[in-house]
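Q: fold the following for me, if possible:
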Amino acid sequence: MMTELDKKICDIFQDVVVRKDIVRELKGNAVVPTYVLEYLLGLHCTTSDEDTIRSGIAKVQDILKTHYVHRNESELVRSHIKEKGQHKIIDKIGVVLNDKNDIYEASFSNLGLSKVPVDSHTIKNHPKLLVSGVWCIADLEYDFSEDRNTTPWRISALKPIQISRFDMEEFLAGRKQFTTDEWIDFLIQSIGFNPEMFGKRNKLFHLVRLIPFCEHNYNLIELGPKGTGKSHIYSEFSPHGILISGGEVTIPKLFVNNATGKIGLVGFWDVVAFDEFAGKQKRVDSALVEILKNYMANKTFSRGIDMLGAEASMVFVGNTRHTLAAMLKHDDLFNDLPERYHDPAFLDRLHYYIPGWESDNLRTEMFCTSYGFVVDYLAEILRELRKTDGSDQYQNYFSLSSDISTRDRDGIHKTFSGLMKIVFPDGKAAKDEIEELLRFSIEGRKRIKDQLLRIDSTFTRTVFEYSDSSGNTHKVLTLEESQYPHHYYLNISETSTETAPESFPVDHQSERTNTPLFAATVSLETILEPKHFIINENQKGISFDDLFGPYLRGARKIEIIDPYIRNFPQQRNLMEFLETVVRFNTLEEEIAVHLVTEKDAYNERQQRDNFEKIKFSCYSLGIVFTWEFASDSSKAIHDRSIIIDTGWKIVLGRGLDVFQPYEKNDAFTFANRVQSQRACRAFETTILRYP
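A: Numbering: from 1, shown residues only. Prediction:
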């Protein structure tokens, strides 16, 4: 079923969108990049009409069946071309210059042909053929000659698989018809993910992965656990980016071969991404590291005595071996890099650090079944946006602290510019939207700088803050700084209590015992007093026991007011809250728990059935669970809250629905069993005396 957003997408961008589940369906049977499939689907399936889609899928399947060259069928295809005289093929083609014969020669990756002549005009139009190969549609001919020095193979036509045209004005006009949240969800769908499975923070991390495509000379690193999709976008998303293994690159391949004068990858690609970049024992060419450092800082590299410039962005992705807490307690967040890259001078040239540990392992429900841009179209838009600069668009409202160095400022500016171009390509954004992107940009650079303080004590400690037009100062913290303050400041000099997160809830028991705020157990001697909690998106270590448990002790009547106890995950949260009630009471007397909520408009019967199951389960433990729908009793729900007869009221910013989506069907996933192992949504909770 099409969502309202899908209908809007198809109405406004009908010619350049495709349904992403179709791409995955075809992807399973064809070993070609996503942008190749979507290029073909974009020619035949850019519609919302189901019959036309099915017809288009059949056409694409026929094209792949007829023209895509499978390696194990290469001899059959070559024979077919010989017998027929000509045939159109889809293959990855690379070209080299044969300077002895003064001709360009093509090689076909899957077809297994080499030394096929290519005319100079084709090379001038498509210079990337000279570097690492490009997926193309080519008309290949066979014309045998008695001359043994002449190959019978000829290329009569060659076209790289890229979108033929785009109109930036049409793109900008279309963007204006979406709200900011709709546009971000549209982009998330375009890169193949279901936006409903991600919070705003994780959506922005996905968009940061796009910045190298729209911001030249952007240096990005992402380290985190396996299976979170860190490298996917660099291998599948754009014909302007290339993904290489971290151990398979040399100076001639990356920069320039001084013997031949041939320019390397940085001269031909917008994005060069290093996969599997982490690994303490990896061998690394120290000369390569030095050239990389110079290129990342100055956008230049040497060719003999000459200095050359390039605009390729550099991306480094790799896996971490340890948990976030262990890295902060014992080492630093760069510790898994090879020793030669664990170099302050190299790390200081990075503009943003994506914390990969905040991303869940990819699951089936995380992938998109809705509409998104044909990725090649979006790739061309992003490439066009490289020509613009959005780094100064916050300066009408905010100013960075003078304490922030030029290099830190450059990193913040480039990230902010990239996000502005992606989310607000026309530059028009509200003050609060600009502030959100600015804070997000500052945090990614701060994560780098704070780790450099651990690695090299000669770095100067920087206070990352900004001021608004009224002169108010706003400090920016990393999420891990809020989550693990007792580990975060380890080995960082010049630290005082003033650096502790101002918005993080203070627990007196934690201060006395030097344990994490949300420990596994709560002391019976915990002092109860009014509190206000501010929880950041993706923060872990939070549970109902730690938030509410002590305030529920001794309760006999509890009223829960929350309109969103409708679907199964929300009802499970309710059940887990009742588990907390059980754990913090002896149950020698009955406890009456009453829920006021709203009906599930789509599945009220299942909602009622689940409440009955909860009621039955609670009865044996001495909890009398009742519920009512506010609409039936004409009650107006103003605030989500929990009212306890012991004199406490818990004001719930977003009700009990405080956790990000997680794998609920896997009994062997800790997030399924332990609340503190789940990433949170951003929310606030206030506990106060009542009445």
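
Q: now the element after whatever helix or strand residue 289 lives in, going C-ward?
A: Per DSSP states H and E: residue 289 is located in helix 286-298. Later in the chain than helix 286-298, the nearest helix or strand by DSSP H and E is strand 300-303.

Q: now that following strand: buried residues?
A: residue 301 (16 or more other C-beta atoms under 10 Å). Where you see a C-beta, it was placed from the backbone N, CA and C, and this is true even at glycine.

Q: name the strands paired with it and say parallel or antiparallel.
A: Counting by DSSP bridges, the strands paired with strand 300-303 are strand 306-309 (antiparallel).

Q: next, name the residue at the spatial heart of this structure.
A: Closest residue to the average C-alpha location of the chain: residue 206 at 2.4 Å, with C-alpha atoms, centre = their mean.

Q: gap between that residue and residue 5?
A: 17 Å (C-beta to C-beta, to the nearest Å).

Q: and for residue 85?
A: 49 Å.

Q: ditto for residue 245
A: Where residue 5 is concerned, residue 245 sits at a distance of 37 Å (C-beta to C-beta).

Q: these two: who's more crowded?
A: For residue 245 versus residue 5, the count of surrounding residues by other C-beta atoms under 10 Å is larger for residue 5: 19 against 10.

Q: wait, isn't the more buried one in contact with residue 186?
A: Yes. Under the criterion of C-beta atoms under 8 Å, residue 5 makes contact with residue 186 at 6.8 Å.

Q: and the closest residue to residue 674 other than its chain neighbours, how many neighbours?
A: Once flanking residues are discounted, residue 674 sits nearest to residue 543: 7.8 Å by C-beta to C-beta, 6 or more residues apart in numbering. Residue 543 has 21 neighbours, counted by other C-beta under 10 Å.

Q: ok, residue 543 - contacts?
A: Residues near residue 543 by C-beta atoms under 8 Å, 6 or more residues apart in numbering: 518, 580, 674, 675, 676.

Q: hang on, residue 553 packs against residue 583?
A: No. Residue 553 is beyond contact range of residue 583, at 9.7 Å (criterion: C-beta under 8 Å).

Q: tell me which of these two has more neighbours.
A: residue 553 (17 against 13).

Q: what about residue 154, neighbour count?
A: The number of residues packed near residue 154 is 14, by other C-beta under 10 Å.

Q: any idea of the mean pLDDT in stretch 656-676?
A: Per-residue pLDDT over stretch 656-676 has a mean of 88.

Q: buried stuff in it?
A: The neighbour-count check on stretch 656-676 (16+ other C-beta under 10 Å) flags 656, 657, 658, 659, 660, 661, 662, 663, 669, 671, 675, 676 as buried.

Q: which residues are in contact with the top strand by length along the chain?
A: Taking DSSP state E as the criterion, the chain has its longest strand at strand 86-98. Strand 86-98 is contacted by residues 32, 36, 63-64, 67-69, 77, 80-81, 103-111, 115, 118, 123, 129-142, 156, 158, 161 when judged by C-beta under 8 Å, 6+ apart.

Q: list buried residues within those residues.
A: When the contacts of strand 86-98 are checked for burial by 16+ other C-beta under 10 Å, the buried set is 32, 36, 63-64, 67-69, 77, 81, 104-108, 110-111, 118, 123, 129-131, 133-138, 140, 142, 158, 161.

Q: run through the residues that contact residue 565.
A: Contacts of residue 565 (C-beta under 8 Å, 6+ apart): 571, 573, 574, 595, 597, 655, 656.

Q: same question but for residue 157, I mixed them up
A: Applying C-beta under 8 Å, 6+ apart to residue 157 gives the contacts 138, 139.

Q: and what of residue 202?
A: Residue 202 sits next to 358, 359, 537, 538, 660 when contact means C-beta under 8 Å, 6+ apart.

Q: ok, which pair from those is furthest apart?
A: Using C-beta to C-beta, the two most remote members of the contacts of residue 202 are 359 and 537, lying 12.5 Å apart.
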